[in-house]
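Enquirer: This is the structure alone, sequence omitted:
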């Protein structure tokens, strides 16, 4: 009897494992481990972003991109987007219109099977826009999404200091994150540069000892640097100076025979983090009659799928940036890397900063090369939050 019970228990455990495994579904770059309801509500969101032109040919290209993207998103998430490409000069007014139309009261619809309007996902450009949206209580706090399993990958993918700088502290010390910054290369270095040949040959300073001690650290000049400047007199500017630049500049200057050291590391301020980010505008519960069809929290989670995709899903990321492959661009191999080559006939052009995580976009000659990505990644790692 005990043997039969033991066998039965083992079988139950095995069946339970298979059942749990069946609930775990890989969708694009996402992994869901929660059960799915019998009926998945179809949703559509307005996606606001800055476009380059309203010419007829451009509008047609934008419709092509939206159609292709929705084929992908609908299959993966039962969700589509109505991409609203707004000219930069008109963008702030368009977002004001979105805020004015916010309704967090419950909505009642007639047909549960039709695609429902979920609300708006918006590109936020600048700290001023971000702060105004918070003051209007327009944005969803995304902190819980990044703490969860489904979207938590963004915490390790996006430059940590950008997420930190974008975080808002409440009066009680609690933290809120109202947008996901579009990852990009942050700030710049300040280097202190010494002309080795002049310092050694004319002023008799030793490069191996004294000169290295003179390099300014964190913007504070020490006595040795002052001594060198004094010795150089009127020619000080040609002996020791500071220059701003990217991660690669130090190696370039050293290859030219200069002594170079970091005076200041790239700084990530709130302004830097909020140059371009995506946020979710608050939505409302949707009812059919007296029965809840889908709650606001579930709607926000579906919107977060889109925000996640813009950053982490290469298909969505590159569609939004470059358009449709072999229609607006083609992929070419160069130096062992794959590049997006924009076709001369393409009418689809977007600002790389506005369309998601720059490090997840295809390389593009002259604008985003493999070398730029490597340098930018190292620069971000060495950045500090201000």
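Expert: Happy to help now that I have it. None of these values were measured; they are calculated from a predicted model.
Enquirer: Show me the strands in the stretch 1-150 of the chain, by range?
Expert: 25-27, 30-32, 43-51, 79-87, 107-109, 116-124 (DSSP state E, counting those that start in this stretch).
Enquirer: got the contact list for stretch 361-369?
Expert: 317-318, 321-322, 331, 334, 337-342, 352, 355, 358, 370, 373 (Cβ atoms under 8 Å, 6 or more residues apart in numbering). All C-beta atoms are positioned from the backbone trio N, CA, C, and that covers glycine.
Enquirer: Quick check: which of the strands of the stretch 1-150 of the chain is buried the most?
Expert: Most buried of these, by mean neighbour count (mean count of other Cβ atoms under 10 Å): strand 116-124, with a mean of 24.
Enquirer: Filter the contacts of stretch 361-369 down to the buried ones.
Expert: Taking 16 or more other Cβ atoms under 10 Å as the criterion, what is buried in the contacts of stretch 361-369 is 317-318, 321-322, 339-340, 342, 352, 355, 358, 373.
Enquirer: circling back to that earlier point, return the subset of the contacts of stretch 361-369 lying in strands.
Expert: 331, 334, 337-342 (DSSP state E).
Enquirer: how many other residues sit next to the nearest residue to residue 183 once chain neighbours are set aside?
Expert: With sequence-adjacent residues excluded and distances taken as Cβ to Cβ, 6 or more residues apart in numbering, residue 183 is closest to residue 357, at 4.3 Å. Using other Cβ atoms under 10 Å, residue 357 has 21 other residues around it.
Enquirer: Could you measure from residue 163 over to residue 77?
Expert: 24 Å (Cβ to Cβ, to the nearest Å).
Enquirer: ok, the buried ones among the contacts of stretch 361-369 vs residue 124, which is closest?
Expert: residue 355 (13.5 Å; Cβ to Cβ).
Enquirer: Angles on the backbone of the closest one, please.
Expert: phi -110, psi 20 (degrees, to the nearest 10).
Enquirer: what separates it from residue 316, distance-wise?
Expert: Taking Cβ to Cβ, one finds residue 355 at 10 Å from residue 316.
Enquirer: anything in contact with each of those two?
Expert: Contacts common to residue 355 and residue 316, judged by Cβ under 8 Å, 6+ apart, are residue 310.
Enquirer: Tell me who's in contact with the closest residue to residue 310 other than its chain neighbours.
Expert: Of all residues not flanking residue 310 in the chain, residue 356 sits nearest, at 4.1 Å (Cβ to Cβ, 6+ apart). If you count contacts by Cβ under 8 Å, 6+ apart, residue 356 has them with 182, 278, 310-311, 316-317, 320-321.
Enquirer: I'd like the residues you listed laid out as JSON lines, including pLDDT.
Expert: Listed next are the contacts of residue 356 as JSON lines, based on pLDDT from 0 to 100:
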{"residue": "182", "pLDDT": "97"}
{"residue": "278", "pLDDT": "98"}
{"residue": "310", "pLDDT": "95"}
{"residue": "311", "pLDDT": "94"}
{"residue": "316", "pLDDT": "96"}
{"residue": "317", "pLDDT": "95"}
{"residue": "320", "pLDDT": "97"}
{"residue": "321", "pLDDT": "97"}
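Enquirer: I'd like to know which of those are part of helices.
Expert: 310-311, 316-317, 320-321 (DSSP state H).
Enquirer: Of all pairs in the residues you listed, which one is the farthest apart?
Expert: Most distant of the ones in helices among the contacts of residue 356, by Cβ to Cβ, are 311 and 321, 11.9 Å apart.
Enquirer: picking that back up, lowest-confidence one in the ones in strands among the contacts of stretch 361-369?
Expert: pLDDT across the ones in strands among the contacts of stretch 361-369 is lowest for residue 334, at 89.
Enquirer: Please name the bridge partners of that one.
Expert: residue 337 (DSSP bridges).
Enquirer: out of the ones in strands among the contacts of stretch 361-369, which one sits closest to residue 85?
Expert: residue 342 (17.3 Å).
Enquirer: contacting residues for the closest one?
Expert: 322, 328-329, 349, 364.
Enquirer: hmm, 6 Å instead?
Expert: residue 329 (Cβ atoms under 6 Å, 6 or more residues apart in numbering).
Enquirer: All further residue positions should be reported with the first residue as 6.
Expert: Renumbered: residue one is now 6, and that last one reads residue 347.
Enquirer: pLDDT score assigned to the closest residue to residue 294 other than its chain neighbours?
Expert: Spatially, and ignoring its direct neighbours in sequence, residue 294 is nearest to residue 113 (7.2 Å; Cβ to Cβ, 6+ apart). At residue 113, the model reports a pLDDT of 94.
Enquirer: hang on, isn't residue 113 packed against residue 292?
Expert: Yes: using Cβ atoms under 6 Å, residue 113 makes contact with residue 292 at a distance of 4.9 Å.
Enquirer: low-scoring stretches of the protein, by residue?
Expert: 6-44, 203-204, 206-243 (pLDDT under 70).
Enquirer: Domain-wise, how is it divided?
Expert: 31-189+276-327, 194-270 (automatic domain parsing).
Enquirer: quick check, residue 168 in a strand?
Expert: No: under DSSP: H, G, I helix; E, B strand; the rest coil, residue 168 falls outside any strand and is assigned helix.
Enquirer: For residue 110, grab the count of nearby residues.
Expert: Residue 110: 6 neighbours (other Cβ under 10 Å).
Enquirer: Next: residue 174.
Expert: 9.
Enquirer: what's the nearest residue to it if we skip its chain neighbours?
Expert: Nearest to residue 174 is residue 180, by Cβ to Cβ, 6+ apart, at 6.1 Å.
Enquirer: Then residue 82?
Expert: Nearest to residue 82 is residue 310, by Cβ to Cβ, 6+ apart, at 5.1 Å.
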